[in-house]
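[1] need a structure here:
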Amino acid sequence: MSQVHSEVTRRIFAPIRPGAEQSLRSITNGVHVPTWIAPALDSLFERHLGADWKMRHDDPSLWEQVFAIPDAELWQVRQSLRSFFLGFLRERARKRWIDGLTHLSTVCFI
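    Numbering: from 1, shown residues only. Have a look, this model is predicted:
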């Protein structure tokens with residue numbers, strides 16, 4: 001996607017910025033794992049991958065170890081995060097309804 005985006009951007013800027021073809025570059029988006037990961041998943045990974053897993057998150061062999069995590073533990077974390085997310089959505093929809101920004105059916109659907 002970023003390569004296509006850079007090509008489109010170069011075409012857009014070419015008429016107004018000479019040399020844009022050489023100066024605009026594409027990048028690959030990513031996440032900062034230590035701040036992006038949910039605390040429950042972080043704890044699970046620390047127990048099974050080691051306390052230093054975040055320092056090694058770029059090592060492909062680290063992720064092979066995920067297969068050794070018991071399915072029940074992964075499922076429990078998944079369910080916990082799903083429950084948290086749905087509660088967040090419900091509260092947000094409820095607040096939007098109270099503030100007159102959405103219809104009651106939106107709140108009832110979630």
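[2] Okay, buried residues for the one helix or strand Ser43 maps to please.
    Using DSSP states H and E, Ser43 sits within helix 39-49. For helix 39-49, the neighbour count (16 or more other C-beta atoms under 10 Å) marks 42, 44-45, 49 as buried. Backbone N, C-alpha and C define where each C-beta goes, glycine included.
[3] all helices for the chain, in order.
    Taking DSSP state H as the criterion, the chain contains helices spanning 2-13, 20-23, 33-36, 39-49, 60-64, 71-98, 104-109.
[4] Same list (those) but as JSON lines, adding mean pLDDT.
    Putting the helices of the chain into JSON lines (pLDDT from 0 to 100) gives the following:
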{"stretch": "helix 2-13", "mean pLDDT": "77"}
{"stretch": "helix 20-23", "mean pLDDT": "67"}
{"stretch": "helix 33-36", "mean pLDDT": "87"}
{"stretch": "helix 39-49", "mean pLDDT": "97"}
{"stretch": "helix 60-64", "mean pLDDT": "94"}
{"stretch": "helix 71-98", "mean pLDDT": "93"}
{"stretch": "helix 104-109", "mean pLDDT": "70"}
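[5] deepest of the ones you listed, which one?
    Mean neighbour count (mean count of other C-beta atoms under 10 Å) peaks for helix 39-49 among the helices of the chain, with a mean of 15.
[6] okay, the angle between it and helix 71-98?
    With axes from the mean of the first three to the mean of the last three C-alpha atoms, to 10 degrees defining the directions, helix 39-49 sits at 170 degrees from helix 71-98.
[7] related to what we said a few turns ago, show residues contacting the helix holding Ser43.
    37, 53-54, 56, 62, 65-66, 68-69, 73-74, 77, 80-81 (C-beta atoms under 8 Å, 6 or more residues apart in numbering).
[8] for it, the distance to its chain's centre please.
    17 Å (C-alpha atoms, centre = their mean, to the nearest Å).
[9] how does this protein divide up, domain by domain?
    1-30, 32-109 (automatic domain parsing).
[10] Thank you kindly, that will do.
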